[in-house]
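Visitor: Give me a 3D structure for the following:
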Amino acid sequence: MSKKNTARPDSGATALRAAVLAIAMLACAKASLAAPPLPGVSCPIALPEGSTAWTEQEHWVWQQVCEGRIADLQQHGGAACNASAGQPVLTSRFLRTILLYEPYKSSIPGQGIRIVGARFNDVVDLASAALDRDLSVICSIFAQGLDLREFRSQGSLSLDESRILGRLNMEGAQIERNLNMSEVVLGAEKLDEGMRLVGATIKGNLALWDASISGPNMDSVSVGGHLFMSGRRGRAHFWRVWLQNAKIGGELSMQDADVHATLKMNGVSVGATISLLNSSFTDIEMRDAKVGRDLYVEGPKNRQGEDPRRSLDLSGATIGGALELGSAWYGVPDWPEDTSLTLRSTAVFELRDGIVCASPSTCDGRWPRRLELDGFRYQQLEAKDTDMAARPASWWARWLANQERYSPQPYEQLSSVLVKLGYKEKAKDVLYEGKNRELEAAGYPEKLLLALQCALIGYGYRLDRTWWWVTGLVLLGAIMLRLSGQGLRHNMPFGIAYSFDMLLPIVRLRDAHYKVDLTGWARYYFYFHKVMGYVLASFLIAGLAGLTK
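Guide: As a prediction, the model looks like this:
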């Protein structure tokens, strides 16, 4: 019994010491991974069997990387950033060795690899490579491009301020943090194939500030944060941009940028705002795009010469906030004559165009002359900088007339919004103008029926015209009675009551009027008089019932 009692404390103490020792060893191991080695720490230099020896600059770069320093080759006999010659040469083999093979891979400190001012004369091949550290190769030249297909990184990848003379292929790459390519200059033999990010996944931000890229093709790319393709210290330049079916969790910014060919963003999904501010474009395709907040297509500010934009296609797009085509800050829109804007089946919450109208004839700014508005839906009109709803109906009629082919939906959409904003009479005027467009576009016999509706009841929006017709016909009937002598002959010196009684079939003033037997041409006129009464009554009832609207 005493042995059992004495054994328990000993075994417990042993277990406790072992646990403490294990925790201490684990903490030390974690610290050794998280913190960079101190300068002077011995770094592995043995190369894998069969490998060619490294150059002097590669040995120096590895020593800097292993010790947690920035391997700045500009301070090691190199030339200035992006100089055409003078950079120390590194090889793709060297980079692959230290990133992917032991004992180098496990010797890289937590902050990853940071290389500045290198030159790679061969294709940097990291296809299918998997990294657990950040990789930064900046201010460098890639003379034959980079192959990063299916590249995977648990950190960030930075190529800032580098020149890529071949292609950058990152198709299917996966980056857990950010992809930084600010001020990158990238060219290729085929301008639309310079950069390929098709199907890549970047869970952080994708930064292309001040970049100059031939391409890029980023179809189906997934960016968890923001996509920056803007000018920050200057302007960003792209030859052709493909972002079809891309998914961007945050903002898409293309401010102070020039896209010299088509900007294709069909099917793009952006969680926040798309800003195309102070930029120039030729053609923008955003069919079936989904924008969580606002879409700004404005500028450029201080434009010199003609704005190069030629078409903007937003067919089927859904914009949760505002579609803004002009503002007090960037100036009112002044689209070139041959520009087309397609808003077919587009849905936005608010429409803003930034145009200020002092009067119906003096509006500062204009819309494109070619519009497609079928199915365009919006709930609000700009009221902050300029009250769009306050513009006269004549302005809205000219705006809607920019759609060459007549469709009733744009007129009905605008009218419903104006009614909601308290402009009921203006809403009727807009619908009236829509019926005039329908009259112009109609063929026979529809044109004749519409012409009668317009003349007699104003398509149901000008019912006061009926009373003018009644007044005119009553007076005309009285004049006919006087000129024919039939009025005096039947003891009707004025004939007003008789003419009124004969015109309106639902009104019966005197039974004696219906026993009068006119002779001569007056009889035939009053045949016409009665027919016009029935016609007026029929159109009036149809107008009141809304059948003509």
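
Visitor: For the protein, name the helix or strand with the lowest mean pLDDT.
Guide: helix 2-34 (a mean of 36; mean pLDDT, DSSP states H and E).

Visitor: quick one: pLDDT of residue 365?
Guide: On the pLDDT scale, residue 365 is placed at 79.

Visitor: residue contacts, it?
Guide: Contact analysis of residue 365 by Cβ atoms under 8 Å, 6 or more residues apart in numbering lists 326, 331, 332, 333, 334, 353, 354, 355, 356. The way it works is simple: take the backbone N, C-alpha and C, and place the C-beta from them, glycine included.

Visitor: got a winner among the residues you listed for most neighbours?
Guide: Within those, most neighbours by other Cβ atoms under 10 Å means residue 326, with 27 neighbours.

Visitor: Phi and psi next, for it.
Guide: phi 180, psi 160 (degrees, to the nearest 10).

Visitor: before we move on, the earlier item: output the contacts of residue 365 as TSV; include the columns pLDDT and distance to residue 498.
Guide: Converted to TSV, the contacts of residue 365 look like this (pLDDT from 0 to 100; distance: Cβ to Cβ, whole Å):
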residue	pLDDT	distance to residue 498
326	86	63
331	72	67
332	75	62
333	79	62
334	77	63
353	90	58
354	86	62
355	86	57
356	81	58
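
Visitor: nearest to residue 475, of the residues you listed?
Guide: Nearest to residue 475, judged by Cβ to Cβ, of these is residue 355 at 46.7 Å.

Visitor: Surely that closest one and residue 390 touch.
Guide: No - the pair residue 355 and residue 390 does not pass the contact test of Cβ atoms under 8 Å, sitting 11.8 Å apart.

Visitor: picking up where we left off before, out of the contacts of residue 365, which are inside helices?
Guide: Judged by DSSP state H, the subset of these located in helices is empty.

Visitor: Same list, those, but as JSON lines with distance to residue 223 please.
Guide: Formatted as JSON lines, those follow (distance: Cβ to Cβ, whole Å):
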{"residue": "326", "distance to residue 223": "28"}
{"residue": "331", "distance to residue 223": "30"}
{"residue": "332", "distance to residue 223": "33"}
{"residue": "333", "distance to residue 223": "29"}
{"residue": "334", "distance to residue 223": "33"}
{"residue": "353", "distance to residue 223": "30"}
{"residue": "354", "distance to residue 223": "29"}
{"residue": "355", "distance to residue 223": "34"}
{"residue": "356", "distance to residue 223": "37"}
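
Visitor: Next, work out how far apart residue 473 and residue 506 are.
Guide: Using Cβ to Cβ, to the nearest Å, residue 473 is found at 15 Å from residue 506.

Visitor: Between these two, tell me which one has more neighbours.
Guide: Shown here are residue 473 and residue 506; by other Cβ under 10 Å, residue 473 has more neighbours (20 against 8).

Visitor: Give me the contact list for the helix or strand hosting residue 480.
Guide: Residue 480 is part of helix 464-484, with elements assigned from DSSP states H and E. By Cβ under 8 Å, 6+ apart, the residues outside helix 464-484 that reach it are 455-458, 487-488, 492, 494-496, 498-500, 502-504, 518, 520-522, 525-526, 529, 532-533, 536, 539-540, 543.

Visitor: And stretch 494-501, by the same measure?
Guide: 473-478, 481-482, 487, 492, 507-510, 513-514, 516, 529.

Visitor: and what of stretch 351-359?
Guide: By Cβ under 8 Å, 6+ apart, stretch 351-359 touches 298, 322-328, 330-333, 363-367, 378, 380-382, 384-386, 388, 391-392, 395.

Visitor: Out of the contacts of helix 464-484, which end up buried?
Guide: 456-458, 487, 492, 495, 498-500, 502-504, 518, 522, 525-526, 529, 532-533, 536, 539-540, 543 (16 or more other Cβ atoms under 10 Å).

Visitor: Please look at residue 110 and residue 132 and confirm they touch.
Guide: No - using Cβ under 8 Å, residue 110 makes no contact with residue 132, being 9.6 Å away.

Visitor: Quick check: residue 221 vs residue 141, distance?
Guide: Residue 221 sits 25 Å away from residue 141, going by Cβ to Cβ.

Visitor: out of the two, which sits in the more crowded spot?
Guide: The residue with more neighbours, out of residue 221 and residue 141, is residue 221; 27 against 22, by other Cβ under 10 Å.

Visitor: Hmm, that one is touching residue 246, no?
Guide: Yes - judged on Cβ under 8 Å, residue 221 makes contact with residue 246 at a distance of 4.8 Å.
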